[in-house]
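Engineer: What would the 3D arrangement of this be:
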Amino acid sequence: MWLAWPRDGKQHERVMLGIPRRYSHFVFGVLQSGLTSLIAAGIASLPADGAMLFARHWMLSWLIAWAAMLPVVLLAAPAIRAFSLRLTREERGP
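Structural biologist: Model prediction:
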């Protein structure tokens, strides 16, 4: 993920977040669980009447779903990755 800060008002310098690569599994889990729960909560909130009620219900549902899914994703991702590697094989050249 790149962040840009204006250096002189015209140019932007790209700065990488300083999270060490060894924590990439946790960063992946946070992003994946957040996005998945955001979409699922939005779909579940569609029957809400009115835009404000929908937004309130969606955000509350998302926070609850994310809190529930984050540990599941962090614990399940390594097992799912290992299983998917067992189900597939390396492609060989011609």
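
Engineer: which one's the longest helix in the chain?
Structural biologist: Longest helix of the chain, by residue count under DSSP state H: helix 51-87.

Engineer: From the contact counts, what lies against that one?
Structural biologist: Identification of packing neighbours for helix 51-87 by 3 or more CB pairs under 8 Å, 6 or more residues apart in numbering; DSSP states H and E yields helix 24-45. Quick note: C-beta positions are derived from backbone N, CA and C, even for glycine.

Engineer: roughly how far apart are residue 83 and residue 77?
Structural biologist: 11 Å (CB to CB, to the nearest Å).

Engineer: Which one's more surrounded, those two?
Structural biologist: Per other CB atoms under 10 Å, whichever of residue 83 and residue 77 has more neighbours is residue 77, with 16 against 11.

Engineer: Quick one: residues contacting that one.
Structural biologist: Taking CB atoms under 8 Å, 6 or more residues apart in numbering, we find residue 77 in contact with 25, 28-29, 32.

Engineer: Enumerate every residue touching the residue nearest the centre of the chain.
Structural biologist: In the chain, the residue lying closest to the centroid (CA atoms, centre = their mean) is residue 31, at 1.9 Å. Residues near residue 31 by CB under 8 Å, 6+ apart: none.
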